[in-house]
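>>> Turn this into a structure:
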Amino acid sequence: MGLFDFFKKKEEEPSYDPTNLKLIDLREGFILDYDMQSWEVVKAFEYDWGNDYFTLELRLDNGTDSLHLAVDDNDGMELTLTKDVKVRHLDEDLPEYIVEHETAPKKLVYEGTVYYLDEESAGYCKEITAPDNAWQELINWDYYDKTEKKHLSVTQWGDREFECAVGRVAKEFEFSNIIPGKG
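Alright, predicted model coming up:
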């Protein structure tokens, strides 16, 4: 070790095994294959649901389309793959209903499918690369159809900001060829 080696910036060790990458390892800049297309992780968010229960949400982009991949690895791998839907397209009265009743309805109908409320969760979210004081409070309602293959979520940020996403339950084998990003 020479004198100038001391001043070289040490490369940070990755928090994942590069020879065995899993969906829970995905971070911004990673590439993976899904549905015979390559997708880049353009954003990575961490959710804290309390009691040491954390989940991951990834925004995937293939250049023409974007998806949300939610990864819950706490009690077996649970995945949902969704797209944003305008709240007013889902139910124009939904925000007012939630504000008035302080909860979401027990069922919602979107494009002819009935979704049943499965779980209400309060927690915090931040981009993984954001500082620890960047957590934002949220309430999330998860819905599934009768087959439990279709998924819908409604998220409330603050008093009157709402987001909705609709999609399906995904399986781990649908994703492959995970390549680390530049970071």
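>>> Any idea which residue is closest to the centre of this structure?
Compute the mean C-alpha point of the chain, and by C-alpha atoms, centre = their mean the closest residue is residue 57, 2.1 Å away.
>>> right, and that one touches residue 45 too?
Yes: using C-beta atoms under 8 Å, residue 57 makes contact with residue 45 at a distance of 4.4 Å. (Each C-beta comes from the backbone N, C-alpha and C, glycine too.)
>>> who touches both of these two?
Shared contacts of residue 57 and residue 45 (C-beta atoms under 8 Å, 6 or more residues apart in numbering): residue 125.
>>> buried stuff in stretch 125-139?
125-126, 138-139 (16 or more other C-beta atoms under 10 Å).
>>> if I pick residue 160, what's in contact with it?
95, 99.
>>> run the last query once more with 6 Å
By C-beta atoms under 6 Å, 6 or more residues apart in numbering, the contact set of residue 160 is empty.
>>> do you know how far it is from residue 166?
21 Å (C-beta to C-beta, to the nearest Å).
>>> Okay, the residue nearest to the centre of the chain and residue 73: tell me how far apart.
In terms of C-beta to C-beta, residue 57 sits 12 Å off from residue 73.
>>> on that earlier part again, and the helix or strand containing the residue nearest to the centre of the chain, how far out from the chain's middle?
Using DSSP states H and E, residue 57 falls within strand 54-61. Offset of strand 54-61 from its chain centre (C-alpha atoms, centre = their mean, to the nearest Å): 3 Å.
>>> Can you pull out the residues in contact with that strand?
Residues from elsewhere that reach strand 54-61, judged by C-beta under 6 Å, 6+ apart: 26, 39-45, 47-48, 67-72.
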